[in-house]
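Enquirer: Kindly return the folded structure for what I paste below:
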Amino acid sequence: MIDDISTRARVIVVGNEKGGSGKSTVAIHIAIALMKSGRSVATIDLDSRQKTFSNYIENRRAWAEHVACDLEIPDHLLFEEKTDHPTADDEAAESNTLIEIIRTLSENHSFVVIDTPGHNRNLMRLAHSMADTLITPLNDSFVDFDVLGAVSPETFGVTGISHYAELVGQARRQRLNDNRQDTDWIVLRNRLSSIGSRNKRFVGQALEELSQTLNFRCADGLAERVIFREFYPRGLTAVDDLNEMTLGTRPTMSHVTARIEMENLLGAIRLGGAAAGGEMFELNRDAA
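Expert: Below you'll find the predicted structure:
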């Protein structure tokens, strides 16, 4: 057992056992938004197979050089797991290594943002136990809701707790047992429809009901999926100064919409005012 895993920095973990929920997109936006607010940020990618978070940052580095533009780049680390079938000793060694890395990064950074893989492994569980803030992106459907809870097919009311919610619960109990502050857990509803629907209403009601049991906050996530996917090859984010130089093309109203959407999302997360208003979210709508 690890006696003390506290750090000086605030550790933000983006996690969900369901793939395709937008974890890496949310992680990079949080990191860049914090940097634009003047915070020092380190980032860690624990998904050594997909490497989406790491590739996003490398794309950003390459695009910044290509267009000769100064884009914020966090101090980034890809954590490589040593084996697909680790022994107990392997897991203990990896855990200690990750803890020391986070401790070292926290000495010179105010925030450490960690993107986790979509499968239940030792380091994924450890990251959740270290999360001061846990952000769980969730596509707005009962297919994705299933990682948190089960619902009645007749009433759509919550009937039980599912595997990922149990994992988070165990991590939070561990923090409390270690006399550490409870994790602030936020569930982001991604791919929200712009129009009302029975599914949207039922998922929303189920999340609100489950939030009372699991003690998490709900927030609207990302709806403008196409634009966010287009950002990836160039490593751009909606909180960047999007102009013809950075984009390589003229901004559109879709870029403005994405920026407003991300402003609302970051404001709901409440990371010390880093995302609430300020110059970094002043929008030049005339340029769109």
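Enquirer: which stretches of the stretch 51-200 of the chain form strands?
Expert: For the stretch 51-200 of the chain, the strands defined by DSSP state E, counting those that start in this stretch cover 75-78, 111-115, 133-139, 149-151, 158-161, 184-190.
Enquirer: Would you mind finding the most buried of those?
Expert: strand 111-115 (a mean of 28; mean count of other CB atoms under 10 Å). All C-beta atoms are positioned from the backbone trio N, CA, C, and that covers glycine.
Enquirer: Quick one: mean pLDDT for that strand?
Expert: On average, the pLDDT along strand 111-115 is 97.
Enquirer: Ok, stretch 216-226 next?
Expert: For stretch 216-226, mean pLDDT rounds to 81.
Enquirer: List the contacts of the residue nearest to R172 when sequence neighbours are not counted.
Expert: Nearest residue to R172, sequence neighbours excluded (CB to CB, 6 or more residues apart in numbering): T183, at 5.2 Å. Contact analysis of T183 by CB atoms under 8 Å, 6 or more residues apart in numbering lists 128, 131-134, 168, 171-172, 175.
Enquirer: can you rerun that using 10 Å?
Expert: 11, 13, 128-134, 168, 171-172, 175-176, 215-216 (CB atoms under 10 Å, 6 or more residues apart in numbering).
Enquirer: Just the CA atoms from stretch 14-28 would do, formatted as CSV, please.
Expert: Extracted in CSV, the C-alpha atoms of stretch 14-28 (Å, rounded to 0.1, in the frame of the first residue of the first chain):
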residue,chain,number,x,y,z
VAL,A,14,-10.0,12.6,-17.7
GLY,A,15,-11.4,9.1,-17.5
ASN,A,16,-14.0,6.7,-18.8
GLU,A,17,-13.9,3.0,-19.6
LYS,A,18,-16.0,3.7,-22.7
GLY,A,19,-13.9,4.5,-25.8
GLY,A,20,-14.9,7.3,-28.2
SER,A,21,-16.2,9.6,-25.5
GLY,A,22,-13.9,12.5,-26.3
LYS,A,23,-11.4,12.1,-23.4
SER,A,24,-8.3,13.3,-25.3
THR,A,25,-10.2,16.2,-26.8
VAL,A,26,-11.4,17.4,-23.4
ALA,A,27,-7.9,16.8,-21.8
ILE,A,28,-6.0,19.0,-24.4
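Enquirer: can you pull the buried residues of that stretch?
Expert: Using 16 or more other CB atoms under 10 Å as the test for burial, stretch 14-28 gives 14-18, 21-28.
Enquirer: Which of those sits closest to P86?
Expert: E17 (18.5 Å; CB to CB).
Enquirer: The closest one and H163 touch, don't they?
Expert: Yes: under the criterion of CB atoms under 10 Å, E17 makes contact with H163 at 6.9 Å.
Enquirer: which neighbours do these two share?
Expert: 120, 147-148.
Enquirer: Who wins on neighbours among the residues you listed?
Expert: Within these, L148 tops the neighbour count with 27 neighbours, counted by other CB atoms under 10 Å.
Enquirer: confidence score at the closest residue to that residue other than its chain neighbours?
Expert: Computed as CB to CB, 6+ apart, the closest residue to L148 that is not its neighbour in sequence is A165, at 4.7 Å. We have a pLDDT of 95 for A165.
Enquirer: So A165 versus L210, what's the distance?
Expert: 8 Å (CB to CB, to the nearest Å).
Enquirer: what is in contact with the two at once?
Expert: By CB under 10 Å, 6+ apart, the residues touching both A165 and L210 are 148-149, 187, 216.
Enquirer: Could you check how far the residue nearest to L148 is from F216?
Expert: For A165 relative to F216 (CB to CB), the value is 9 Å.
Enquirer: And S21, by the same measure?
Expert: From S21 over to F216 (counting by CB to CB), the distance is 15 Å.
Enquirer: What of L71?
Expert: Where F216 is concerned, L71 sits at a distance of 32 Å (CB to CB).
Enquirer: Same question for Q50.
Expert: Going from Q50 to F216 by CB to CB gives 25 Å.
Enquirer: With D115 instead?
Expert: 19 Å.
Enquirer: contacting residues around the nearest residue to F202 once chain neighbours are set aside?
Expert: Closest residue to F202 apart from its sequence neighbours, by CB to CB, 6+ apart: F156 at 4.3 Å. Residues near F156 by CB under 10 Å, 6+ apart: 142, 145, 198-199, 201-203, 205-206, 209.
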